[in-house]
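Q: here is my input; please provide its structure:
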Amino acid sequence: MTSSSDIAHGFGHAASTTPLLMGEDSQSVLLRSFAASRLCESSLRTNKYERQFRLSSIVIVVCVLATLPGCSLKEWIVRKTTSPPPRALMSDATPDEILEHLNKQRSQVVAWRSTDVRIKASGTGVIAPSLSANISVESPKNLRFSARSIRGTEVDFGSNSDRFWFWIRANQPDIVLTGSHDGLDRQQAVPIPFPPGWLMEALGVIPIDPSAVQVLRDPETPDRAKLISADYVQGQQVQRVMLVDLALGQIVEHSLYDANDNLITSAAMSNFQPSAGVMLPRSIVLNCPEADSHMTMTIGDIEVNPAIPVATWQMQLDPNLRQVDLDRIQGGLPVRQ
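A: Model (predicted):
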């Protein structure tokens, strides 16, 4: 049994701060303070046990989630905390809004360059299953694409404001094809899988002329729009088609079709990532059915609007190569014996 002296010794501070009630002696005050203190201790112990129980429960739940089949805790957390990016364009965007959005992006990219490109190719006459490459592009017509293997340079394809050139080791290693842009549009059956002007447009540095395109919408695909235009490429009338993903606000495919609606060539863009404030594709798949050519470019780091040396846009190949000017020949190219 606890004595009054023990109570006074153990809870003197509580007693000294507990006010006297009318008609209450000092021993009653001590007893009342003791009871309040024990109640407080009990409450603290209860809160402590509750906190321990809650913490244990959380640990158990985390452990259970971590052992769920096909779903790691990290993946679960990422799915719960990562929200989809905001839409760039609404499904009911008008043609003017679509074209304005696309051209606003293109106006921010005058040039770009990457020395971190990996290429995987397939089809007839494949150079090598895997190549490394450099790409430099500058509006309106400057382009340089160079691919390498362990043997050295395998492809050199470029253009400047006046002319273009194309050399590939696997076909005719002693010949480099050259020509003017205007002349290329008049020539037929030129052995160049991707027209330079079309490729520049696909690489995102050429603005879209609103007066030259028609915007088509399909009610069954409300998040897609097609930009259609007519053109002449390599001596034939073609239809240019650009497929726009409205949610991304990006052109995700460029295609050329002949007069019979046969696909001539296409470029599919995906994995858009920001570079210097603009979104650029990190994967480009080029397809040329007629030449049985399929090429996937995986692009790493990209420099946006760099100062690219003028020499990049000049043909710098072996001087012993025979230059074939496509503007001057008729009846086809010379065949290597």
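Q: so where do the helices sit in the protein?
A: 4-10, 12-17, 26-66, 73-81, 95-107, 181-186, 196-202 (DSSP state H).
Q: for the closest residue to residue 108 other than its chain neighbours, name its beta-bridge partners.
A: Leaving aside its sequence neighbours, residue 108 sits nearest to residue 278 (C-beta to C-beta, 6 or more residues apart in numbering; 5.0 Å). Glycine gets a C-beta too; all of them are placed from N, C-alpha and C. In this entry, residue 278 is beta-bridged to residue 275, by DSSP bridges.
Q: before we move on, what about residue 225?
A: residue 217, residue 244.
Q: burial check on it, number of neighbours?
A: By other C-beta atoms under 10 Å, 23 other residues sit near residue 225.
Q: that older thread, who touches the residue nearest to residue 108 in this structure?
A: Listed by C-beta atoms under 8 Å, 6 or more residues apart in numbering, the contact partners of residue 278 are 105, 108-109, 304.
Q: neighbours of residue 238, just the number please.
A: By other C-beta under 10 Å, neighbour count at residue 238 equals 20.
Q: test my guess that it contacts residue 260.
A: No - at 10.9 Å, residue 238 does not count as touching residue 260 under the criterion of C-beta atoms under 8 Å.
Q: what's the spacing between residue 273 and residue 301?
A: 10 Å (C-beta to C-beta, to the nearest Å).
Q: ok, now residue 219?
A: From residue 219 to residue 301 the distance is 41 Å (C-beta to C-beta).
Q: for the two, indicate the residue with more neighbours.
A: Counted by other C-beta under 10 Å, residue 219 and residue 301 do not tie: residue 301 has more neighbours, with 11 against 5.
Q: for stretch 141-148, give the mean pLDDT please.
A: Mean pLDDT, stretch 141-148: 95.
Q: run through who's touching it.
A: Counting by C-beta under 8 Å, 6+ apart, 111, 119, 127, 131-137, 153-161, 164, 181, 196-197, 199-200, 203, 308, 312-313 sit against stretch 141-148.
Q: list buried residues within the residues you listed.
A: For the contacts of stretch 141-148, a neighbour count by 16 or more other C-beta atoms under 10 Å gives the buried set as 111, 119, 127, 131, 133, 135-137, 154-160, 164, 181, 196-197, 199-200, 203, 308, 312-313.
Q: which of the residues you listed fall in strands?
A: 111, 119, 131, 133, 135-137, 154-159, 164 (DSSP state E).
Q: could these be laid out in CSV, adding pLDDT?
A: Listed next are these as CSV, based on pLDDT from 0 to 100:
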residue, pLDDT
111, 97
119, 94
131, 93
133, 96
135, 97
136, 98
137, 97
154, 90
155, 90
156, 93
157, 94
158, 95
159, 95
164, 92
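Q: please parse this structure into its domains.
A: Using automatic domain parsing, the domain ranges for the chain come out as 4-66+74-78, 95-325.
Q: closest to residue 85 out of these?
A: With C-beta to C-beta as the criterion, residue 85 lies closest to domain 95-325 of the domains of the chain, at 8.3 Å.
Q: quick one: terminal-to-terminal distance for the closest one?
A: 42 Å (C-alpha to C-alpha, to the nearest Å).
Q: roughly how far does the residue nearest to residue 268 when sequence neighbours are not counted sit from residue 141?
A: Among residues not flanking residue 268 along the chain, residue 285 sits closest, at 4.4 Å (C-beta to C-beta, 6+ apart). Going from residue 285 to residue 141 by C-beta to C-beta gives 23 Å.
Q: check residue 215 too.
A: 26 Å.
Q: one more: residue 228?
A: In terms of C-beta to C-beta, residue 228 sits 23 Å off from residue 141.
Q: confidence score at residue 129?
A: At residue 129, the pLDDT recorded in the model is 68.
Q: ok, residue 245 next?
A: 98.
Q: residues contacting residue 96?
A: Applying C-beta under 8 Å, 6+ apart, the residues contacting residue 96 are residue 210.
Q: distance check, it against residue 279.
A: Plainly put, residue 96 is 21 Å away from residue 279 if you go by C-beta to C-beta.
Q: and if you look at residue 226?
A: From residue 226 across to residue 279, the span is 20 Å (C-beta to C-beta).
Q: same deal with residue 325?
A: 39 Å.
Q: same drill for the two, tell me which one is more crowded.
A: residue 279 (17 against 12).
Q: nothing else from me, thank you.
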